[in-house]
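Visitor: Need the 3D shape of this:
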Amino acid sequence: MGTPLLSDTELTEALTTLPEWTRSGDAITRTIEAPSFPAGIELVRRVAAAAEAANHHPDIDIRWRKVTFTLSTHSAGGLTAQDVAMAHEINQLAAQPG
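Guide: Below is the predicted model:
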């Protein structure tokens, strides 16, 4: 059996620890504005390395200095603990200097 989906209660609790993230249907998203375009690309590079290591990959949309990360466990059809863990990892990486 695959990774279990989070209940609405579990997801609500998880989002209290991720105030920058919002739920959008079966996904959670966060947009980060980097100080420069190269800094945004560097953040994407760091997130890509962490995502590859975790084998859990966000959808990434880059618009100049704004980078939007969207997380959902496609194989499970919704949000799982893997998404919450990756959101915390992205927050840590975003807090690091470029």
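
Visitor: can you map out the helices along this structure?
Guide: 8-16, 37-54, 81-95 (DSSP state H).

Visitor: Tell me which of the ones you listed sits most buried.
Guide: helix 81-95 (a mean of 18; mean count of other CB atoms under 10 Å). For every residue, glycine as well, the C-beta is placed using N, CA and C.

Visitor: ok, Ala53 to Met86 distance?
Guide: Ala53 is 11 Å from Met86, where distance means CB to CB, to the nearest Å.

Visitor: what does Ala76 give?
Guide: Counting by CB to CB, the gap from Ala76 to Met86 is 13 Å.

Visitor: do Asp59 as well
Guide: Taken as CB to CB, the span from Asp59 to Met86 is 11 Å.

Visitor: intersection of neighbour lists for these two?
Guide: Leu71 (CB atoms under 8 Å, 6 or more residues apart in numbering).
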